[in-house]
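K.L.:
Provided below for reference: sequence and predicted model.
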2 protein chains.
Amino acid sequence: MIESPVASELLSKINERRVLEFVQRNGPASRAVIARGGGMSAPTVSKAVVSLIRNEFLEETEASQAGFGRPGKLLQLSEQKANVLGVVIDADTCWIGSARLDGAVGEEQSISFRTPKTYDGLLQAVINGLGEIAGNVKGDLSERFRGVGLSVPGLFNSRVGETVMSPNLHLLDGQRLAADLSNEIGLQCIALQESHALCVGERMYGAARGMNDFAILDVSTGLGLGIVSGGHLLTGNSGMAGELGHITVVPDGQRCGCGNRGCLETVATDTAFARLISRELGRKVGVKEALTAPAVNGSEEVIAQTVDYLAIAVSAVINIFNPATLFLHGQLMNSDPKIFKRVMRQAKKRTLSPSFKDCRILQSQGNKRLGAVAGIIDHLANELAPAFAPVGNGNTKQAS
Amino acid sequence: MIESPVASELLSKINERRVLEFVQRNGPASRAVIARGGGMSAPTVSKAVVSLIRNEFLEETEASQAGFGRPGKLLQLSEQKANVLGVVIDADTCWIGSARLDGAVGEEQSISFRTPKTYDGLLQAVINGLGEIAGNVKGDLSERFRGVGLSVPGLFNSRVGETVMSPNLHLLDGQRLAADLSNEIGLQCIALQESHALCVGERMYGAARGMNDFAILDVSTGLGLGIVSGGHLLTGNSGMAGELGHITVVPDGQRCGCGNRGCLETVATDTAFARLISRELGRKVGVKEALTAPAVNGSEEVIAQTVDYLAIAVSAVINIFNPATLFLHGQLMNSDPKIFKRVMRQAKKRTLSPSFKDCRILQSQGNKRLGAVAGIIDHLANELAPAFAPVGNGNTKQAS
DNA sequence: CATCTTTCTAAACACCGCTTACAAAGCGTC
DNA sequence: GACGCTTTGTAAGCGGTGTTTAGAAAGATG
């Protein structure tokens, strides 16, 4: 039933992982600092460091911080060998870039291109792009990089690595992009659904660094939701968890791309807003134009229709997940403070007040690129060593 | 940041926990059987067993199964010393009972009583009840029992152990029943919100045994939801996760007990159904009577109003959590197959089909009593030793 | 240059799980 | 009833790991 033969080596693996995570979180540090901060003895840290350097996760810099006694040699995430590649697939554009283990994306080493029209075209474009970044030397790829992380839109089955359905990019339907890519370039490729990628990225490198209970609600053409609860990304049985956009809020509402009627996604997204304003103005406008349209600035009544549903979404997330922090992401909320305020006001009304008080709500930039990179880095770390999570069922405290 | 000083003993603790869980799941077994089934070597199991017997979690029985070679001595969960107490607080009645570590509740050793009208009355009634079960010898309690698990209704903050708000039992508001009880009787007391208790109980002893991704939707006067995802009970930051009942589905609907309007709970519960039928009949009826009323058997249109919202709830759970199994619990769905069928049919329409296909939906009895018992047993096991969960962020597979 | 502080490592020790070897305990057969 | 067969359970030895202790290394201070 339970597997994995708890051997002695497990301990050293756990400690290696701890050291690595300490450096990931706190930046370069000496062995002594890691020992103090990570709750391990100095020799233990040293041994872990030896292994991490051998595996090219860390490297020793000459840089030594000034101080009283003997200066410690700083250990940092490897910049030489431990680079990874990130790929973000979106409906209109794709992005490819390289990054170091610390998540720093080399801007000069990244490219964007319009999303091709066919799956084969996309696959080939990604392969070409990766090769370009690797300096056009194909054989070099697997030497300079350790893996590729992908952010993919739509409904993604992470158990089998297959995009089940991608409403805005149907060419991915039924495809296994990560596997196909891996076969072509001979590197590990790991795909994450974009909302999940956002979560992993924010947690590893972004605003949610170190947080164990948070949610990210991403409002754009659709409604994306990523949840980290108790330190775990909520994936569900097949990685399809988080589809908040398709809960029904208008029982006989308009038809949604998913086939159902009245999904939250039909009324609480950029697209819904633009559609609404277009009708108001009598001509078709995009989201950006809609936001600056006079009708919008004029009347709260007009924006209310979208915004109040957005508040229902926010409220649902807080009621259902009780996160310590909720990040809101999307131009609709982050461009106009008036809109954000109204969302907050309405959400407060619609949420159980203890849960609402318990939750800090922040606007966030979010970054799928970091997410793609974080996805592969997290995978590499898991491959190296398991994170240790002493864990029960979450029931807590208050004993005698 | 991360604590717990990964010492050598950690390994033995993990293995003790494994042995204990093996026996919990598979019943009495010999050391050899545990070794084979649990993936440990025989000496390791023996050592763990010694410790578990010393801590009175296990005991050795003389009973030996017939077979070829030397018969193994069976190890079972201690019946002598390792008993626990379970307490279920409900709006109308309370229950107290004792159970063994294997979850077997001694029916003759349980009592029920009407829920008192005041908090002090309740506390005293529980204390008395516990004493009664312990044989009226107060000092004996802490010798015969290891702890008390409680199932409490309403919104429960598990971080501080306080009931924040209990709509159907306001005497609990702001109270810390587990802590108060613990102070009085000198035993460890652990409270769980009732929906969470349901989950823990089903997972440890019931229909969800061994499942790592499931949800339980409990439809009664309110809408309770418990989620286990990736093997973890979803509690949120303060244990208040799972409040599906208060998401808004009728933006300008009727007022809910929580202060908001149009909560799912106002339209998709027993109470809502009874209210609906009452209006139909022109007189006030309870749920049971409502279910057998001629109006109900006659027309689908009448029940549809409640049932279709119930389907929205089911659909929301599947869309949001992507569970492998969903247990539906509540007399509304489990008494009339016609109703259940309609819920299923409607839910199927309203759910993303990959997620729906991925999810097995079962009717379930559920049992808060087992939940209360499982809660304290799980806590005791966690105290003894951490469960080991090698864990990443949940991103999976499909590498080169 | 000696002293001080801090870093890092080597050695000794204790703990752990695993493998191997062996004793223990029944069953079948002769 | 004795012997072999099979399985169970334990003792001893080995390799791996973390910790403590002691000491070497490296720079700052006086």
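P.N.:
Nice, I can see it.

K.L.:
which parts of chain A sit against DNA strand D?
P.N.:
Counting by C-beta under 7 Å from any atom of the strand, chain A comes close to DNA strand D at A:8-9, A:11-12, A:14-15, A:40-44, A:47-48, A:64, A:66-71. No exception for glycine: its C-beta is placed from N, CA and C like everyone else's.

K.L.:
out of everything not next to it in sequence, what's closest to the residue of the stretch 301-400 of chain A at minimum distance from chain B?
P.N.:
Relative to chain B, the nearest point of the stretch 301-400 of chain A is A:Asn322 (2.6 Å; C-beta to the nearest C-beta). Counting by C-beta to C-beta, 6 or more residues apart in numbering or on different chains, the nearest residue to A:Asn322 once its immediate chain neighbours are dropped is B:Gly236, at 2.6 Å.

K.L.:
The one you found in helix, strand or coil?
P.N.:
coil (DSSP: H, G, I helix; E, B strand; the rest coil).

K.L.:
okay but it is in contact with A:Pro323, surely?
P.N.:
Yes - with contact defined as C-beta atoms under 8 Å, B:Gly236 counts as touching A:Pro323 (6.4 Å).

K.L.:
Please identify every residue contacting each of the two.
P.N.:
Shared contacts of B:Gly236 and A:Pro323, defined by C-beta atoms under 8 Å, 6 or more residues apart in numbering or on different chains, comprise A:Asp213, A:Ser229.

K.L.:
Would you mind finding the longest helix in chain A?
P.N.:
Using DSSP state H to define each element, chain A has its longest helix at helix A:300-321.

K.L.:
and it with helix B:300-321, angle?
P.N.:
Regarding helix A:300-321 and helix B:300-321, their directions subtend 70 degrees when assessed with axes from the mean of the first three to the mean of the last three C-alpha atoms, to 10 degrees.

K.L.:
Measure how buried the residue in the stretch 201-350 of chain A that DNA strand D sits nearest to is and give me the count.
P.N.:
Nearest residue of the stretch 201-350 of chain A to DNA strand D (C-beta to the nearest atom of the strand) works out as A:Gly231 at 21.4 Å. The local packing count at A:Gly231 equals 16, with neighbours defined by other C-beta atoms under 10 Å in any protein chain shown.

K.L.:
hang on, the earlier thing: kindly provide the distance from the residue nearest to A:Asn322 to B:Leu130.
P.N.:
30 Å (C-beta to C-beta, to the nearest Å).

K.L.:
Give me the more crowded residue out of the two.
P.N.:
Residue environment comparison for B:Gly236 versus B:Leu130 gives the larger neighbour count to B:Gly236, 28 against 24, counting by other C-beta under 10 Å.

K.L.:
for that one, what are its contacts?
P.N.:
By C-beta under 8 Å, 6+ apart, B:Gly236 lies in contact with A:Asp213, A:Ser229, A:Phe321, A:Asn322, A:Pro323, A:Ser355, B:Gly242.

K.L.:
Neighbour count, pLDDT and distance to DNA strand C added to these, as a markdown table?
P.N.:
Formatted as a markdown table, these follow (neighbours: other C-beta atoms under 10 Å in any protein chain shown; pLDDT from 0 to 100; distance: C-beta to the nearest atom of the strand, whole Å):
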| residue | neighbour count | pLDDT | distance to DNA strand C |
| --- | --- | --- | --- |
| A:Asp213 | 23 | 96 | 32 |
| A:Ser229 | 26 | 95 | 30 |
| A:Phe321 | 30 | 98 | 36 |
| A:Asn322 | 28 | 98 | 36 |
| A:Pro323 | 28 | 98 | 37 |
| A:Ser355 | 26 | 96 | 41 |
| B:Gly242 | 29 | 96 | 36 |
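
K.L.:
taking those residues one by one, which sit in helices?
P.N.:
With helices identified by DSSP H, the entries of the contacts of B:Gly236 that belong to them are A:Phe321, A:Ser355.

K.L.:
Quick one: low-confidence residue ranges for chain A.
P.N.:
Counting by pLDDT under 70, the ranges of chain A that qualify are A:1-6, A:63-66, A:81-82, A:107-108, A:136-140, A:294-300, A:389-400.

K.L.:
Tell me if I'm right that A:Leu187 and A:Ser142 touch.
P.N.:
Yes - applying C-beta under 8 Å, one finds A:Leu187 in contact with A:Ser142, separated by 5.5 Å.

K.L.:
who's more crowded, the two?
P.N.:
Neighbour totals were compared for A:Leu187 and A:Ser142, and A:Leu187 leads with 19 against 15 (other C-beta under 10 Å).

K.L.:
Torsion angles phi and psi at the more buried one?
P.N.:
phi -120, psi 150 (degrees, to the nearest 10).

K.L.:
before we move on, what about A:Lys341?
P.N.:
Note on A:Lys341: backbone dihedrals following degrees, to the nearest 10 are phi -60, psi -40.

K.L.:
Tell me how far it lies from DNA strand C.
P.N.:
Look at A:Lys341 and DNA strand C: by C-beta to the nearest atom of the strand, to the nearest Å, they are 48 Å apart.

K.L.:
again with A:Phe327
P.N.:
Counting by C-beta to the nearest atom of the strand, the gap between A:Phe327 and DNA strand C amounts to 36 Å.

K.L.:
Repeat that for A:Ala272.
P.N.:
In this structure, A:Ala272 and DNA strand C are separated by 56 Å, where distance is defined by C-beta to the nearest atom of the strand.

K.L.:
got it, and A:Ile376?
P.N.:
With distances taken as C-beta to the nearest atom of the strand, A:Ile376 is found 29 Å from DNA strand C.

K.L.:
Give me the nearest residue to that residue, chain neighbours excluded.
P.N.:
Once chain neighbours are set aside, the closest to A:Ile376 by C-beta to C-beta, 6+ apart is A:Gly149, at 3.1 Å.

K.L.:
Can you classify the one you found as helix, strand or coil?
P.N.:
Applying three-state DSSP to A:Gly149 yields a three-state assignment of strand.

K.L.:
my guess is it meets A:Leu85, correct?
P.N.:
Yes - with contact defined as C-beta under 8 Å, A:Gly149 reaches A:Leu85; the gap is 7.3 Å.

K.L.:
Grab the longest strand from chain A for me.
P.N.:
Ranked by residue count under DSSP state E, the longest strand found in chain A is strand A:105-114.

K.L.:
Contacts for whichever helix or strand comes after it, please.
P.N.:
Reading on from strand A:105-114 to the C-terminus, the next helix or strand found by DSSP states H and E is helix A:119-133. Under the contact criterion C-beta under 8 Å, 6+ apart, helix A:119-133 has outside partners A:85, A:87, A:89, A:94, A:96-98, A:109-111, A:113, A:115-116, A:137-138, A:141, A:148, A:171-172, A:175, A:177, A:180-181, A:184-185.
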